[in-house]
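In: I need the structure of the sequence given here:
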Amino acid sequence: MLSFFSRARSLSSSTENNEESTTSNTKSSKIIIEEIDSETEITTTPTTTPQPTTETREDPSQTSTPKKQQAMEDTNKSPSSPSSAEKRYHTPRITVDVIRDLCSRQSLFQTPYLNDKLFLHHRGFRVIENLELYTELKALWLEGNAITKIENLGHLDKLRCLYLNQNLITTIENLENLVNLQTLNLSSNRITVVENLECCPQLETLNLGNNKISSIDSLSSLCKLNRLSVLDLSSNEIDDAGIVDILSQLPKLTVLYLKGNPFVGKTKNYRKTFISKLPHLTYLDDKPVSKDERRCVMAWAQGGHVAESEERRKIIEENESRHEREMNQWKEMQERALLKRAEEEKNGTMK
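Out: Now for the predicted structure:
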């Protein structure tokens with residue numbers, strides 16, 4: 001019985017302890033919850049936003065230091081426009097030292113008058129200058145620069161070849177003393193009128209391709225070049241097929257380039273027309289003019305397509321006849337060789 005009562009006491013005491021702990025835990029949890037709620041009330045309480053002060057902050061860009069203001073003024077200042085002389089000499093120049101340096105690189109002579117050729121191409125030069133000492137030049141390359149004017153070449157009276165293609169030249173001028181000039185290349189420039197070339201009586205090759213030539217009246221001076229045999233007028237703006245009447249006055253014209261002009265595509269029977277009116281032409285637009293083609297063209301010019309067809313038939317018959325004649329000659333040569341060999345075998349003299 002005693003043990004039973006002691007167990008009962010211990011159980012009741014443990015129960016009381018559990019109740020006390022539960023109560024204490026409940027109290028502590030209530031305290032924690034109250035603290036959290038108080039914190040939440042504090043955080044959720046609307047705060048009054050401070051009113052903006054009447055002080056205005058200055059824009060830093062407007063309150064820059066004097067140095068910054070000076071720098072901004074210098075930046076905003078527009079550069080003074082250079083004069084025409086400054087523009088002209090802004091790019092690399094043809095100086096005596098530059099020419100000597102180029103001669104050294106190209107294995108040419110350092111003594112100017114010993115050179116008969118000079119390469120000054122693709123250097124960005126704008127002005128032809130300082131060539132007075134190179135009096136023996138026969139060929140001068142100046143292509144691929146930014147030259148705007150033909151000048152300072154009067155002392156080169158022995159010059160035969162002048163290459164000024166791929167520049168910014170607008171006028172053909174100052175060639176009066178180049179009486180021995182035979183080849184002149186002025187392609188890929190801005191030339192609109194062909195002029196001042198009658199002073200070059202020896203001129204044989206003239207390249208004016210890829211320019212701004214549009215009127216056939218601007219080509220009338222070509223008639224004075226009696227020795228001209230090669231002419232390039234390709235990729236211009238010529239829109240009149242009447243140019244053939246001007247070109248027909250060139251007695252030695254053999255090579256002609258006209259492709260890339262508007263009139264070429266508009267002219268009916270363009271190739272036949274030009275071949276028939278230019279009797280010495282051997283090349284037209286990169287394509288040779290054969291003897292058979294000329295025969296057909298001349299027949300077409302006289303009797304139209306019927307005469308041209310008849311001439312083609314004659315050409316075919318002539319070619320077949322010539323081929324047959326050559327074959328017969330070949331067979332006869334073989335027969336003679338066989339007879340000679342048989343005779344040598346019979347006489348025992350065959351080698």
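
In: mind giving me the domain split of the chain?
Out: According to automatic domain parsing, the chain comprises the domains 86-305, 306-351.

In: Ranking these by mean neighbour count, which comes first?
Out: Sort the domains of the chain by mean neighbour count, taking mean count of other CB atoms under 10 Å, and domain 86-305 sits at the top with a mean of 17. All C-beta spots, glycine's among them, are computed from the backbone N, C-alpha and C.

In: before we move on, back to that, mean pLDDT lowest where, among the domains of the chain?
Out: Note on the domains of the chain: lowest mean pLDDT is at domain 306-351, with a mean of 88.

In: Quick one: the helices in this protein, in order.
Out: For the chain, helices defined by DSSP state H occupy the ranges 2-44, 66-76, 84-88, 96-105, 243-247, 262-266, 270-277, 291-347.

In: so who does the closest residue to Q106 other than its chain neighbours touch?
Out: Sequence neighbours aside, F119 is the residue nearest to Q106 in space, at 5.7 Å (criterion: CB to CB, 6 or more residues apart in numbering). Contact analysis of F119 by CB atoms under 8 Å, 6 or more residues apart in numbering lists 102, 106, 141.

In: From S290, how far off is F119?
Out: 38 Å (CB to CB, to the nearest Å).

In: wait, isn't I191 in contact with I169?
Out: Yes. The criterion here is CB atoms under 8 Å, and I191 meets it with I169 at 6.4 Å.

In: Stretch 118-127 spans what distance, first to last residue?
Out: Stretch 118-127 has its terminal residues 16 Å apart, counting by CA to CA, to the nearest Å.

In: now it, how far from the chain's geometric center?
Out: The chain centroid and the centroid of stretch 118-127 are separated by 17 Å, computed with CA atoms, centre = their mean, to the nearest Å.

In: before we move on, what about stretch 98-118?
Out: 29 Å.

In: Report the separation between the two terminal residues of that stretch.
Out: 12 Å.

In: Can you give the contact residues for it?
Out: 92, 119-120, 130-131, 133-141.

In: Now, those that are in strands?
Out: Those of the contacts of stretch 98-118 mapping onto strands are 119, 139-141, per DSSP state E.

In: hang on, isn't N236 packed against N261?
Out: Yes. Here N236 reaches N261: they are 5.5 Å apart, a contact under CB under 8 Å.

In: circling back: and which of the contacts of stretch 98-118 is nearest L278?
Out: A139 (29.2 Å; CB to CB).

In: mind listing what the closest one touches?
Out: Contacts of A139 by CB under 8 Å, 6+ apart are 116-118, 159-163.

In: related to what we said a few turns ago, partner residues bridging the residue nearest to Q106?
Out: W141 (DSSP bridges).

In: sorry, back to before: columns distance to T282 on top of the contacts of A139, output as TSV?
Out: TSV is the format used below for the contacts of A139 (distance: CB to CB, whole Å):
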residue	distance to T282
D116	30
K117	29
L118	32
L159	27
R160	23
C161	22
L162	25
Y163	24
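
In: What is the nearest of those residues to D245?
Out: L162 (28.7 Å).

In: That closest one against L181, yeah?
Out: Yes. Judged on CB under 8 Å, L162 makes contact with L181 at a distance of 6.2 Å.

In: follow-up on the earlier one: what's the closest of the ones in strands among the contacts of stretch 98-118 to S276?
Out: A139 (36.8 Å).

In: So the closest one versus K287, what's the distance?
Out: 29 Å.

In: before we move on, back to that, and which of the ones in strands among the contacts of stretch 98-118 is nearest to G303?
Out: Closest to G303, out of all of the ones in strands among the contacts of stretch 98-118 and judged by CB to CB, is A139, at 48.3 Å.

In: Mind listing residues that contact stretch 147-154?
Out: Here stretch 147-154 has contacts from 125-129, 131-132, 140, 159, 162, 164, 167-178, using CB under 8 Å, 6+ apart.

In: What's the end-to-end length of it?
Out: OK, stretch 147-154 end separation, CA to CA: 17 Å.

In: Just give me how far it sits from the chain centre.
Out: 24 Å.

In: ok, now stretch 192-202?
Out: Distance of stretch 192-202 from the chain centroid (CA atoms, centre = their mean) equals 27 Å.

In: Just the C-alphas of it, formatted as PDB.
Out: Extracted in PDB, the C-alpha atoms of stretch 192-202 (Å, rounded to 0.1, in the frame of the first residue of the first chain):
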ATOM      1  CA  THR A 192      34.300  65.400-119.100                       C
ATOM      2  CA  VAL A 193      36.000  66.800-122.200                       C
ATOM      3  CA  VAL A 194      38.800  65.400-124.300                       C
ATOM      4  CA  GLU A 195      41.000  68.400-125.100                       C
ATOM      5  CA  ASN A 196      44.500  69.700-125.500                       C
ATOM      6  CA  LEU A 197      45.900  66.500-127.000                       C
ATOM      7  CA  GLU A 198      46.800  67.900-130.400                       C
ATOM      8  CA  CYS A 199      50.100  68.900-128.900                       C
ATOM      9  CA  CYS A 200      51.000  65.200-128.600                       C
ATOM     10  CA  PRO A 201      51.500  64.100-132.300                       C
ATOM     11  CA  GLN A 202      53.100  60.800-131.400                       C
END
